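*Asks:* A predicted structure for the sequence below; I have some questions about it.
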Amino acid sequence: MAEEFPLTLDWGFELPDEVFALSEEEQAEQVRYNDDLCQWGDRFFIRCILPTPLKGQDDYFGWGAWAEVEAEVFERYLELYEEDAREEPPHPAKLANRLAPYPGTTLGTRVLIQFQTPDDRPTLTLLETDKSRLAQEQRDGIDAARHREIVDVAGA
């Protein structure tokens, strides 16, 4: 009998999709980035976690996705980088990655970014007015079958 391994609880993107699509040469010439931050010309990105609760568990599946933010939000994040910024009001942002398990495109989806402690990446929340499956699943959670489907489609 095959041993059952637990499913991964996260899936991360190395870079925002549009930046990842650039050639290595273009990236080297045009982009400044590390594991948390990315600047491409006058565009700014912050790596975040978009959590989707797992029904019946005290845990979540986390998309390690990038959010595109305005320059002012990026600067504010840098100001608070070493501080507990959970009390900072959420800021508007746009999802900078396509999440394969969701129909259509998630690229450009409006979200809110909530800064966290220095040890935790900011979190993303879809807007209350968003009726997409991703938004619904973030609000209501996903069951074990959907979790497996997401992991299979994402290739995690």
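*Replies:* Yep, that arrived.

*Asks:* show me what contacts the residue nearest in space to the middle of the chain?
*Replies:* What sits nearest the mean C-alpha location of the chain, by Cα atoms, centre = their mean, is Ala65, with 2.5 Å. Counting by Cβ atoms under 8 Å, 6 or more residues apart in numbering, Ala65 touches 12-13, 47-50, 95-97, 99, 124. No exception for glycine: its C-beta is placed from N, CA and C like everyone else's.

*Asks:* Go through the protein and flag its longest helix.
*Replies:* helix 144-154 (DSSP state H).

*Asks:* What helices and strands are in contact with that one?
*Replies:* In this structure, helix 144-154 packs against strand 10-12, strand 60-64, with contacts taken as 3 or more Cβ pairs under 8 Å, 6 or more residues apart in numbering; DSSP states H and E.

*Asks:* Give me the distance from stretch 65-77 to the chain's centre.
*Replies:* Chain-centre distance of stretch 65-77: 13 Å, with Cα atoms, centre = their mean, to the nearest Å.

*Asks:* Could you give me the buried positions within it?
*Replies:* By 16 or more other Cβ atoms under 10 Å, the buried positions in stretch 65-77 come out as 65-69, 73-74, 76-77.

*Asks:* Can you tell me which of those is nearest Asp120?
*Replies:* Tyr77 (12.8 Å; Cβ to Cβ).

*Asks:* I'd say that closest one and Ile46 touch.
*Replies:* Yes - using Cβ atoms under 8 Å, Tyr77 is in contact with Ile46, at 5.8 Å.
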